[in-house]
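**Q** Provide a 3D model corresponding to the input given below.
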Amino acid sequence: YGFHIHTHGLTIINYNCVILDTSPVHIGANAFIGPGVCLACAGHAMDAAQRGEGIGTSAPITLEDDVWIGANATVCGGVTIGAGSVIGAGSVVTHDIPRGVLAAGNPCRVLRPITEKDRIIPLEITPDRK
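**A** Below you'll find the predicted structure:
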């Protein structure tokens, strides 16, 4: 629909991203959403007869501040991804992810916390280095 999508600061949404906002989608400040990501609030009935009748589900999605979702990941309805967490490319997120962790896989699961060791040390550029 478009009108259920709420950003709360700078948000980078790469190309080919799909947001099925049949419920509210809240995207925190400094969120990075990779190419091909799908945020899907909508779902369908598990029971075939109900599904045939068009009965579906919908639940909100929340991406807290500083979340990065890698390319081609899918986030299902009802999920909250905690502040500062990173979701690996191609993951299928069906449950909440806590803050400050690296999570990946299908189904997505926490692999480890993000620590000081994950910081990139910038190269110092000197006049003799081009």
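
**Q** surely H6 meets G28?
**A** No - here H6 does not reach G28: they are 9.8 Å apart, not a contact under Cβ atoms under 8 Å. Using the backbone N, CA and C atoms, a C-beta is placed for each residue, glycine as well.

**Q** Tell me which of those two has more neighbours.
**A** Shown here are H6 and G28; by other Cβ atoms under 10 Å, G28 has more neighbours (21 against 13).

**Q** what's near enough to touch the closest residue to that one other than its chain neighbours?
**A** Distances taken as Cβ to Cβ, 6 or more residues apart in numbering place D65 nearest to G28, at 3.7 Å, with adjacent residues excluded. By Cβ atoms under 8 Å, 6 or more residues apart in numbering, the contact set of D65 is H8, G9, G28, A29, N30, A31, A83, G84.

**Q** what's the spacing between the last one and I27?
**A** It stands for G84. Using Cβ to Cβ, to the nearest Å, G84 is found at 14 Å from I27.

**Q** Between these two, tell me which one has more neighbours.
**A** Each of G84 and I27 has its neighbours counted (other Cβ under 10 Å); I27 has more, 24 against 18.

**Q** contacting residues around that one?
**A** Applying Cβ under 8 Å, 6+ apart, the residues near I27 are I5, H6, T7, H8, T11, I33, L63.

**Q** and those, which of them are in strands?
**A** I5, H6, T7, H8, T11, I33, L63 (DSSP state E).

**Q** that older thread, of the contacts of I27 - the most surrounded one?
**A** Result: L63 is most packed of the contacts of I27 (other Cβ under 10 Å), 28 neighbours.

**Q** Not including adjacent chain positions, what is the nearest residue to the residue nearest to the spatial centre of the chain?
**A** Geometric centre of the chain, nearest residue: I69, 4.4 Å, by Cα atoms, centre = their mean. Taking Cβ to Cβ, 6+ apart, and ignoring the residues beside it in sequence, I69 has I87 as its nearest neighbour in space, at 4.5 Å.
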